[in-house]
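# Sequence below, structure please.
(chains A and B)
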Amino acid sequence: MSTELLSGFTDQARGSAEAFRVMLDAMAQPGRILPLKPDFAAPAPLFDSTAAICLTLCDYDTPLWLDDSLREAAVIDYLRFHTGARIENDSSQASFLLCTPATAAEALARASIGNAEYPDASATLVIQVPDFSGDRLTLKGPGIKDERAFTTAGLDARFWALMDENHQLFPLGRDVYFAAPQEIAALPRSTQIKREGQA
Amino acid sequence: MTTGYNFAYLNEQTKRMIRRALLKAVAIPGYQVPFASREMPMPYGWGTGGVQVTASILTPGDTLKVIDQGADDTTNAVSIRKFFVRTAGVATTEETEKASIIQTRHRVPEASLREDQILVYQVPIPEPLRFLEPRETETRKMHALEEYGIMHVKLYEDIARHGHIATAYAYPAKVNGRYVFDPSPIPKFDNPKLDDCAALQLFGAGREKRIYAVPPYTKVTSLDFEDHPFSVQKWEEPCALCGSTTTYLDEIILDDKGKRMFVCSDTDHCRKAQEKAA
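Predicted structure coming up:
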């Protein structure tokens, strides 16, 4: 390793507390896009926002899986050092899965859904999206007053079909964070997703 | 602020574990997420669950309000508020409108809550089926299978014995049409406030090691029967201090000759109503 290891939160307790409140608000209000700008820079191709999620939630209890495009030595070293999480090769065994639009459908399909008695023993996906423009969706469910419009970029029809299935599994299922470089939004399993042109 | 402790008392590993539980709780409304509850510098039964939840969501910019049975000035509320002033240095308030986080024991504030507020409940027994089925393995299966028949039998037995549903607090409700949950020992008067509430509601049970949540704008339906619909308490007289007829009233015994008065349990709401009238 010749590159220098980049730092995490300047003040871990305050930095992670502020990041977590954004993550909690995002999960409680599905589809709301909220700024998440930590006071550090993560190694590319990992977004700062994704890194903030990992540094706030991951530790030795949460196996972490990364798709091939994120599986760079600098990223792995960074996450290992700052979180202590095991980097998992089998996506079905991971608590957190970091992926990109190209690998999101496959990762979603393989991620753990928990079991009937412990639906919380399920995975959380963090999908790095370039921005929140593109696919137009209408959301309904807990955390949403009536309906909410939501847009996100780069995800294909197969992914959204799997997200429909994921919602049908409730209370089982996975929860998803979308992370643009400095913003996040969440779609928990409880959210009903309607795509444009779909009945 | 006391030095030598981490921000908001808990260490970072504990907060990560609680934060993960909180996110799953929000994603599965009404489901009780097990968590590794810690020993806190206060006894079980004094709100250790609520304190751990508050410590995990608190940021330096928050304004905290703590109430016990609606009052800001009771022992439990005062000591928890002081605890967070000492360990997190956060601002505190007694005014519902000014708080970003409200930790509560057994009441929901009378003023309606907003989207930018979080209500944290202290919960003694999180499992609504516990007094009907003591085995955790069984209640867990019942939740998994959505098998809530015994709860309706319990309410029916109330009607058979008393002529009406006699459960007056910790009244069971169904969240988002799926999980039956215990809204903590709030009076059933407060149950309708949980339904479609704009604020995020988090529940922490320290001794029982469970966290659960009701996200904003979520359906919370109190269990009942078509011929015995859910209803809330009513009082024959208004609050003796502010004259309110729409709030939850406490009965206060004044002497040993049966003299009594009814006053609002929400002290902040009552004081504001008195100031307005003055």
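# Next, residue B:143: secondary structure please.
helix (DSSP: H, G, I helix; E, B strand; the rest coil).
# how close does it sit to residue B:178?
Using CB to CB, to the nearest Å, we find residue B:143 at a distance of 9 Å from residue B:178. Placement of C-beta: from N, CA and C, glycine included.
# Those two - which one has more neighbours?
Shown here are residue B:143 and residue B:178; by other CB atoms under 10 Å in any protein chain shown, residue B:143 has more neighbours (24 against 18).
# Could I get the pLDDT score of the more buried one?
Among the per-residue scores, residue B:143 shows a pLDDT of 98.
# what do you get for the one 10 residues further on?
According to the model's per-residue confidence, residue B:153 sits at a pLDDT of 96.
# Ok, the one 5 residues further on next?
Taken from the predicted model, the pLDDT recorded for residue B:158 is 94.
# That one: which element?
Here residue B:158 sits within helix B:149-162, counting by DSSP states H and E.
# And residue A:162, by the same measure?
Going by DSSP H and E, residue A:162 is part of helix A:157-168.
# what distance separates the helix holding residue B:158 from the centre of its chain?
24 Å (CA atoms, centre = their mean, to the nearest Å).
# Report all helices and strands that it contacts.
Based on contacts counted as 3 or more CB pairs under 8 Å, 6 or more residues apart in numbering or on different chains; DSSP states H and E, there is no element that helix B:149-162 packs against.
# Can you dump the C-alpha atoms of it in PDB for me?
Written as PDB, here are the backbone C-alpha positions of helix B:149-162 (Å, rounded to 0.1, in the frame of the first residue of the first chain):
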ATOM      1  CA  GLY B 149     -57.000 -14.200  18.400                       C
ATOM      2  CA  ILE B 150     -56.200 -14.300  22.100                       C
ATOM      3  CA  MET B 151     -56.000 -10.600  22.300                       C
ATOM      4  CA  HIS B 152     -59.600 -10.300  21.000                       C
ATOM      5  CA  VAL B 153     -60.700 -13.000  23.500                       C
ATOM      6  CA  LYS B 154     -59.200 -10.900  26.300                       C
ATOM      7  CA  LEU B 155     -61.100  -7.800  25.200                       C
ATOM      8  CA  TYR B 156     -64.200 -10.000  24.800                       C
ATOM      9  CA  GLU B 157     -63.800 -11.300  28.400                       C
ATOM     10  CA  ASP B 158     -63.600  -7.700  29.500                       C
ATOM     11  CA  ILE B 159     -67.000  -7.000  27.900                       C
ATOM     12  CA  ALA B 160     -68.500 -10.300  29.300                       C
ATOM     13  CA  ARG B 161     -67.400  -9.400  32.800                       C
ATOM     14  CA  HIS B 162     -67.700  -5.600  32.900                       C
END
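# Now it: buried residues?
The neighbour-count check on helix B:149-162 (16 or more other CB atoms under 10 Å in any protein chain shown) flags B:151, B:154, B:155 as buried.
# residue boundaries of the helices in the stretch 101-250 of chain B?
Secondary structure of the stretch 101-250 of chain B (DSSP state H, counting those that start in this stretch): helices at B:136-144, B:149-162, B:191-194.
# hang on, I meant chain A
A:12-28, A:48-57, A:73-83, A:101-110, A:157-168 (DSSP state H).
# where are the low-confidence patches of the chain?
You didn't say which chain, so I picked chain A. For chain A, residues meeting the criterion pLDDT under 70 lie at A:1-3, A:197-199.
# The intended chain is chain B.
For chain B (pLDDT under 70), the answer is none.
# what's the longest helix in it?
Longest among the helix segments of chain B by residue count, using DSSP H, is helix B:12-27.
# chain center to the helix or strand following that helix, what's the gap?
Reading on from helix B:12-27 to the C-terminus, the next helix or strand found by DSSP H and E is strand B:33-34. The gap between the average C-alpha position of strand B:33-34 and the chain average comes to 17 Å, counting by CA atoms, centre = their mean.
# cool, and stretch B:140-149?
Here stretch B:140-149 shows a centroid-to-chain-centroid distance of 23 Å under the convention CA atoms, centre = their mean.
# how far does that stretch stretch from start to finish?
Criterion CA to CA, to the nearest Å; first-to-last residue distance in stretch B:140-149 is 14 Å.
# which other residues reach that stretch?
A:116, A:117, B:31, B:32, B:129, B:133, B:150, B:174, B:178, B:179, B:180, B:223 (CB atoms under 8 Å, 6 or more residues apart in numbering or on different chains).
# give the contact list for the fifth one.
Contact partners of residue B:129, counting by CB under 8 Å, 6+ apart, are B:139, B:142, B:143, B:148, B:150, B:151, B:180.
# Can you give me the distance of it to residue B:181?
10 Å.
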